[in-house]
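Asker: predicted model follows, preceded by the sequence.
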Amino acid sequence: MGKRRKGREIVLQAAYAARLSGNPLADCLSDQLARRRSADESAAFATDLAAKLSAHADVCETWLARLLEHWDPDRVGAVERVILLLALTELRFSPEVPWRVVINEACELARRFCDEEAVAFVNGILDRAAAEVGTAGDSGG
């Protein structure tokens, strides 16, 4: 598993734990990092992504609610919601990560932690999000 994928996985688990426990994401991330033997690059990537997720949570939650037209946002599973928020954070606030990579990584997280139906759902929402940020026409690098 790639170091960045491992970092995304760590943030997913920390963000899920934060949602369930009500504890700050930073505390949950520290706990996840302490319990794992992650490469320094994975830990650094996870720390950066978690900081962006925390800093831009309101913007991404609002964006997700709008993307979920015809869907009650409360019907989206907790894991799927966190995966979508992570990906939306990367799409908007990590321009160095190609949009195709963001979508692929989110689908891989959904495949690992959810089911194939969730993968299709995540892919569809993120395709719309990528189009909104004007990336759907580029090569995705």
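Answerer: Everything's here; your move. Numbering: from 1, shown residues only.

Asker: secondary structure class for the residue nearest to the spatial centre of the chain?
Answerer: The structure's the chain has its C-alpha centroid closest to residue 86; by CA atoms, centre = their mean the separation is 1.9 Å. Look at residue 86: counting by DSSP: H, G, I helix; E, B strand; the rest coil, its state is helix.

Asker: which segments of this protein make up each domain?
Answerer: Domain assignment of the chain by automatic domain parsing yields the ranges 1-55, 56-132.

Asker: possible to save these as CSV with mean pLDDT?
Answerer: Conversion of the domains of the chain to CSV gives the following (pLDDT from 0 to 100):
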stretch, mean pLDDT
domain 1-55, 93
domain 56-132, 93
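
Asker: could you list which residues are in contact with the residue nearest to the centre of the chain?
Answerer: Taking CB atoms under 8 Å, 6 or more residues apart in numbering as the contact definition, residue 86 lies against 8, 11-12, 15, 49, 53, 106, 109. No exception for glycine: its C-beta is placed from N, CA and C like everyone else's.

Asker: fine by me, thanks again.
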